[in-house]
Every structure is written in structure tokens, then in C-alpha cells.
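take this sequence and fold it.
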Amino acid sequence: MPAPRPRQISDIMPKLQNVAQTSQYVVKFQLPVSSLRSYLRRKGVNDRFIADDIGLLCSDAVLPGSALASVDTRGDFQGVIERFAHTRNFTQINLQFYVDNDYKSMKFIEHWMEYITGFNTDVAKDGYHFKLNYPSDYKSNETRIVKFERDYNRFLEYRFVGLFPLSLSSTRVSYQGSQVLKASATFSFDRYICGESNSLARALKNAFNEIFNRGNPARDGFAISENELSKVFNRGNESDNKNTNLQDLYNGSVSQQVSNFNGTNFGFGQYISPGSNIDFG
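Purely as a prediction, here's the structure:
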């Protein structure tokens with residue numbers, strides 16, 4: 001590596017001026033298709049509020065992080081201690097919400113947690129107990145945090161898999177100086193996906209922050225249009241109609257019947273005009 005050299009201010013300023021800001025982001029919740037949605041509707045939290053409003057009321061969010069758990073290995077090489085990763089751990093996220101005057105933002109989290117712990121018995125009874133629901137009924141796999149810039153063209157998307165509220169912090173109220181009421185909640189999740197992961201991004205081959213539009217066929221599948229499929233079938237039919245004219249010859253010459261395939265593309269190679277002599281050695 002060469003020694004550092006002085007750089008002009010004009011070279012440094014564009015790098016320092018083009019940095020991301022913290023105030024451009026959006027949070028979008030999408031609950032699983034289960035009785036959780038109908039349960040929240042009975043509590044006054046409708047689907048439109050979950051899809052449009054709760055994300056706007058999220059006044060403070062964090063981009064998720066992760067850490068690798070490792071193990072030390074001794075003895076493979078004399079006097080050397082090696083460390084290898086074996087598990088990726090995902091940390092929890094904390095979200096803070098403005099509380100609307102209908103208190104729907106607090107009801108959203110409160111009754112989501114109530115649904116997780118069971119709601120089949122009367123909570124006012126002395127013998128109330130918890131009967132937890134299945135994780136597939138309360139975990140969200142489509143909740144997203146999108147960090148974007150002012151031009152709306154550059155963004156970074158995080159999609160959470162297995163997200164659910166883990167805790168709702170106590171909310172302080174006071175007679176001294178009225179302020180906007182805020183509620184803080186901690187969410188747990190199984191993992192997150194960095195980059196777009198919807199079907200459109202997969203079809204455009206730029207899912208998961210791919211920038212070369214090549215995609216991964218093993219992961220995304222083969223995205224092929226109907227026009228391309230029709231061309232493939234048409235070429236196959238033309239080949240089926242002409243293959244009866246092709247005969248296997250072992251004397252080193254090519255039959256005139258091969259000229260029927262003139263103009264048909266079968267692959268790559270050098271074009272040989274009809275009537276040319278071919279020496280197979």
C-alpha cells in the first residue's frame with residue numbers, strides 16, 4: 001500500500017456531502033393471515049390503520065443488526081488459535097410511536113401481545129391463565145423498514161421474518177408541560193432480509209441488492225416473458241417439421257436436404273453455405 005498523500009478539498013467534499021440522512025424512512029407492518037386481524041378489528045384497530053397509519057406514527061426506528069457467534073479451535077496448527085463462525089444472531093429492534101388521540105397505536109401493540117398469550121378466557125376472572133397461540137398465527141413475515149433518500153431513487157430495504165412484539169414499555173404521563181405522548185416497543189424476529197425480495201424485484205433480477213440484473217436462477221427461478229416462451233415453442237415446431245429431412249450420413253458428406261434448414265438458428269458456430277465441401281479429416 002503506498003504512503004498517503006495530501007488530497008484537495010474539492011476531492012473530499014463530494015464524499016462528505018453525499019451521506020445518508022436519518023429522517024427519511026418508512027415502516028410498513030403487514031400481519032399474518034390469521035385470526036389476529038379480526039381480533040384487532042374487534043379492538044378498534046382496522047386493516048387500513050395497520051397498512052397506512054401505524055408506519056407514519058413510528059417516530060423513531062432502528063435499522064436491524066446482527067452478530068456472528070464463533071468458536072475457538074486449538075490444535076489444528078501448532079501454537080495457533082483459530083476462530084470460526086457457527087451461528088448468526090439477530091438483535092432485537094426498538095420502535096417508538098406517536099400515540100394518536102384514539103390510542104390506536106398503543107392498542108395495536110397491546111392487543112397484539114394479548115393475542116399471543118391467548119384470549120379465549122375471561123381476563124377478569126381470578127383463574128385467568130395464558131394459552132399461547134401458534135407462532136404462525138402471530139408472527140409477521142412481511143414487515144419492512146425502508147431507508148430512502150430525498151430523490152426516492154436510492155433506498156435500502158429490510159424485511160423481517162418472524163417479527164412480533166416482545167415488550168411494551170411503560171409510558172409516562174405528567175401534569176407538568178403537555179407533550180406528545182409516545183409509546184416504545186421492542187420487537188423480536190427470527191431473521192431479516194436485506195434488499196428487495198418481492199416478486200417484481202425477482203423478475204427484474206435486482207432482488208437482494210443485486211446490481212448487475214443477472215439474478216440467481218437457483219434462488220429466483222427463471223423469469224421469462226410470454227413472448228420469449230412463444231418464440232421458443234415456435235422454433236421447436238419448425239425444427240420438428242424439418243427434422244424429417246435430416247438423414248444420418250457416415251461418408252463424410254452433407255446431404256442437400258440440410259439446405260432446408262437455411263435461416264434456422266440452432267446454436268453457435270461458423271456458418272457454412274449450402275454446396276460447400278466439408279472435409280472431416
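
shaky segments in the chain?
Residue ranges of the chain with pLDDT under 70: 120-121, 212-281.

now do the contacts for the residue most central in space within it.
With distances taken as CA atoms, centre = their mean, the residue of the chain nearest its centroid is residue 197 (3.4 Å). Residue 197 sits next to 157, 159, 207-208 when contact means CB atoms under 8 Å, 6 or more residues apart in numbering. For the C-beta atoms, the positions are set from N, CA and C on the backbone; glycine is no exception.

which of those lies closest to residue 193?
residue 159 (4.4 Å; CB to CB).

that closest one - how many residues pack around it?
By the criterion of other CB atoms under 10 Å, residue 159 has 22 neighbours.

could you verify that it is part of a strand?
Yes. Assessed by DSSP: H, G, I helix; E, B strand; the rest coil, residue 159 belongs to a strand.

who does it bridge with?
residue 144, residue 193 (DSSP bridges).

give the contact list for it.
Per CB under 8 Å, 6+ apart, neighbours of residue 159: 142-144, 192-193, 197.

selection in ChimeraX covering whichever of these are buried, please.
Buried residues among the contacts of residue 159 (16 or more other CB atoms under 10 Å), as a ChimeraX selection:
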select :143,144,192,193,197
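
now the contacts of residue 159 in JSON lines, with distance to residue 8?
Output for the contacts of residue 159, formatted as JSON lines (distance: CB to CB, whole Å):
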{"residue": "142", "distance to residue 8": "48"}
{"residue": "143", "distance to residue 8": "45"}
{"residue": "144", "distance to residue 8": "41"}
{"residue": "192", "distance to residue 8": "40"}
{"residue": "193", "distance to residue 8": "41"}
{"residue": "197", "distance to residue 8": "42"}
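
which of the contacts of residue 159 lies closest to residue 22?
residue 144 (17.7 Å).

my understanding was that the closest one contacts residue 27; is that so?
Yes. Here residue 144 reaches residue 27: they are 7.4 Å apart, a contact under CB atoms under 8 Å.

from residue 189, how far out is the residue nearest to the centre of the chain?
14 Å (CB to CB, to the nearest Å).

over to residue 53?
Counting by CB to CB, the gap from residue 53 to residue 189 is 22 Å.

the two: who's more crowded?
Remark: of residue 53 and residue 189, residue 189 carries more neighbours, 22 against 17, as counted by other CB under 10 Å.

next one: phi and psi at that one?
The phi/psi pair for residue 189 (degrees, to the nearest 10) reads phi -150, psi 160.

what does residue 40 give?
Torsion angles, degrees, to the nearest 10, at residue 40: phi -70, psi -30.

isn't it up against residue 112?
Yes. Judged on CB under 8 Å, residue 40 makes contact with residue 112 at a distance of 7.0 Å.

how about the strands in the stretch 1-150 of the chain?
Here the stretch 1-150 of the chain has its strands, by DSSP state E, counting those that start in this stretch, at 25-28, 58-60, 66-74, 81-90, 93-98, 143-148.

just the angle between the longest one and strand 66-74, please?
Between strand 81-90 and strand 66-74, the angle comes out at 160 degrees (axes from the mean of the first three to the mean of the last three CA atoms, to 10 degrees).
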